[in-house]
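Engineer: can't give you the sequence, but here's the structure:
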């Protein structure tokens, strides 16, 4: 265990040293690899700026709404597609192959439809989030224990009651998995579209610093974004569902 | 066959609804061009917009990126497999990197490498690398111990062991990793082309939207979706062919 810690510390230190060496080497254009002694204070400066909270709020709002909208659509489509044999045969491959296509190219269309403001970024995030949730829920439908459904039938449960008491509870696990994947791609969708065209949000902040050649600040924003994305992912990973063996 | 037929019918029906929406003025044709207009624009994509050349550029970049991911990812994965301590220490790191929104690093490559093909290929390579490394480790870790014992009792040397036992049983998982690297590379290559307005298909979409050639742009988006879907199907077939069922 101590050996592992030592190796990790060694690797982290070597990476930092490598960065510093590259920064001091003069092999790269001046200023593009700022020393850590410049990036550290830049993080403090950027996060301390009152405008930062506003940009963070915009991005958080976009990502949150994207999860909500994309997630809700994903659940509905996932239940429909996973629910019937013909529907599954027809639409599951389509979902499966459309899921990894580069979503960002839809941005010009979304901007035409929803404007240049946060709505088009939310739409981008929702579109990205939709696919993993729909796929996960659809495959979750196939994994519902048939015994549970038979028990529901033998108790004479109505269709609605079966959905509420058997189907939906068994979909919680797949939904959490789908949302976790969805969070990752929603963050990418929202931030990339902010970077491409917008006037607020963390993506905009990063690309604005890039435009002003304030490179340490740009690195600072990217660092914060990665830290927040990692935190979100870790929080999702911690969700343990009561009475279920499914781990996300 | 009923499944695919239903899918085709759905696509046709959606197209008709879209066309009708444009015809009856439910949507503004200036914002959402009708499918007829989009289809009519497709020949112009080939003749005026150099679609074939751009397609080749994008796919060459994606293959170069996947090659980069493999040439770093495979040795990394082998190391994680061969050294137990390294595997324990760094596999979680590689997994965390795999889950991170890596494409957001593209401004970093933009400042270091510049706005050129290097940025696009590097970004695609970085995106594919963690998957390749993790799958390499998984493949070599998953070699059945009984095979190793048999090989050892036959007195296989280190190299013979690798060549005749480890590699053959890891190949299916390696193929899976390479496919993932290609998929991630393609997604990121097209995305970065669009974002930095440079290169093949991604740039075409950025360019058409800047010129507000909406019908052509919708056509180009459909084309990208189509070719990437075909690409995913083909690579999956290839992987299945390599992987003995």
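Structural biologist: Arrived safely. As the structure is a prediction and not an experimental result, all values here were calculated from the model. Numbering: from 1, shown residues only, chains lettered A, B, ... in the order given.

Engineer: Residue B:153 and chain A, how far apart?
Structural biologist: Distance, residue B:153 to chain A, by C-beta to the nearest C-beta, to the nearest Å: 31 Å. (Glycine included, C-beta is placed from N, CA and C.)

Engineer: Number of residues surrounding that residue?
Structural biologist: Applying other C-beta atoms under 10 Å in any protein chain shown, we find 8 other residues in the vicinity of residue B:153.

Engineer: swap in residue A:32?
Structural biologist: Using other C-beta under 10 Å, residue A:32 has 18 neighbouring residues.

Engineer: wait, it sits on residue A:213?
Structural biologist: No - in this structure, residue A:32 is not within contact of residue A:213 by C-beta atoms under 8 Å, at 9.1 Å.

Engineer: Residue of chain B nearest chain A, please.
Structural biologist: Going by C-beta to the nearest C-beta, chain A is nearest to residue B:3 of chain B, at 2.8 Å.

Engineer: residues in contact with whatever helix or strand that residue lives in?
Structural biologist: In this structure, residue B:3 is located in helix B:2-23 according to DSSP states H and E. Here helix B:2-23 makes contact (C-beta atoms under 8 Å, 6 or more residues apart in numbering or on different chains) with A:86-91, A:93-94, B:26-27, B:29, B:32-36.

Engineer: How much space separates the residue most central in space within chain B from residue A:218?
Structural biologist: Nearest to the geometric centre of chain B sits residue B:183, at 1.8 Å (C-alpha atoms, centre = their mean). The spacing between residue B:183 and residue A:218, counted by C-beta to C-beta, to the nearest Å, is 29 Å.

Engineer: Mind giving me the packing neighbours of the helix or strand hosting residue B:94?
Structural biologist: Per DSSP H and E, residue B:94 falls inside helix B:84-99. Counting contacts by 3 or more C-beta pairs under 8 Å, 6 or more residues apart in numbering or on different chains; DSSP states H and E, helix B:84-99 packs against helix A:2-25, helix A:215-238, helix B:51-82, helix B:117-141.

Engineer: Let me see the contact set for residue B:242.
Structural biologist: B:171-172, B:175.

Engineer: In helices only, show me those.
Structural biologist: In this view, these that belong to helices under DSSP state H are B:171-172, B:175.

Engineer: Buried ones among the residues you listed?
Structural biologist: Buried residues within these, counting neighbours by 16 or more other C-beta atoms under 10 Å in any protein chain shown: B:172, B:175.

Engineer: Distance to residue A:124 and pLDDT added to the ones in helices among the contacts of residue B:242, as JSON lines?
Structural biologist: Formatted as JSON lines, the ones in helices among the contacts of residue B:242 follow (distance: C-beta to C-beta, whole Å; pLDDT from 0 to 100):
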{"residue": "B:171", "distance to residue A:124": "38", "pLDDT": "90"}
{"residue": "B:172", "distance to residue A:124": "36", "pLDDT": "90"}
{"residue": "B:175", "distance to residue A:124": "32", "pLDDT": "92"}
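
Engineer: Of the ones in helices among the contacts of residue B:242, which fall within the contact range of chain A?
Structural biologist: Taking C-beta under 8 Å from any C-beta of the partner chain as the test, chain A is in contact with none of those.

Engineer: ok, of the ones in helices among the contacts of residue B:242, which one's closest to residue B:130?
Structural biologist: Minimum distance to residue B:130 across those is 17.0 Å, recorded for residue B:175 (C-beta to C-beta).

Engineer: Now do the nearest residue to the closest one once chain neighbours are set aside, the pLDDT please.
Structural biologist: Of all residues not flanking residue B:175 in the chain, residue B:242 sits nearest, at 4.4 Å (C-beta to C-beta, 6 or more residues apart in numbering or on different chains). At residue B:242, the model reports a pLDDT of 80.

Engineer: same deal with residue B:34?
Structural biologist: On pLDDT, residue B:34 comes in at 87.

Engineer: Could you pull up the residues touching it?
Structural biologist: Residue B:34 touches B:18-19, B:22-23, counting by C-beta under 8 Å, 6+ apart.

Engineer: from these, which would you call buried?
Structural biologist: Applying 16+ other C-beta under 10 Å to the contacts of residue B:34 flags B:18, B:22 as buried.

Engineer: Closest one of the contacts of residue B:34 to residue B:103?
Structural biologist: Among the contacts of residue B:34, and counting by C-beta to C-beta, the member closest to residue B:103 is residue B:18, at 30.3 Å.

Engineer: measure the closest one to residue A:73 for me?
Structural biologist: From residue B:18 over to residue A:73 the distance is 19 Å, taken as C-beta to C-beta.

Engineer: ok, now residue B:21?
Structural biologist: Distance from residue B:21 to residue A:73, counting by C-beta to C-beta: 20 Å.

Engineer: Name the nearest residue to residue A:153, sequence neighbours excluded.
Structural biologist: Nearest non-adjacent residue to residue A:153, counting by C-beta to C-beta, 6+ apart: residue A:162, 7.7 Å away.

Engineer: Please point out which parts of whichever helix or strand that neighbour is part of sit buried.
Structural biologist: In this assignment (DSSP H and E), residue A:162 forms part of helix A:159-162. Neighbour-count burial for helix A:159-162 flags residue A:162 (criterion: 16+ other C-beta under 10 Å).
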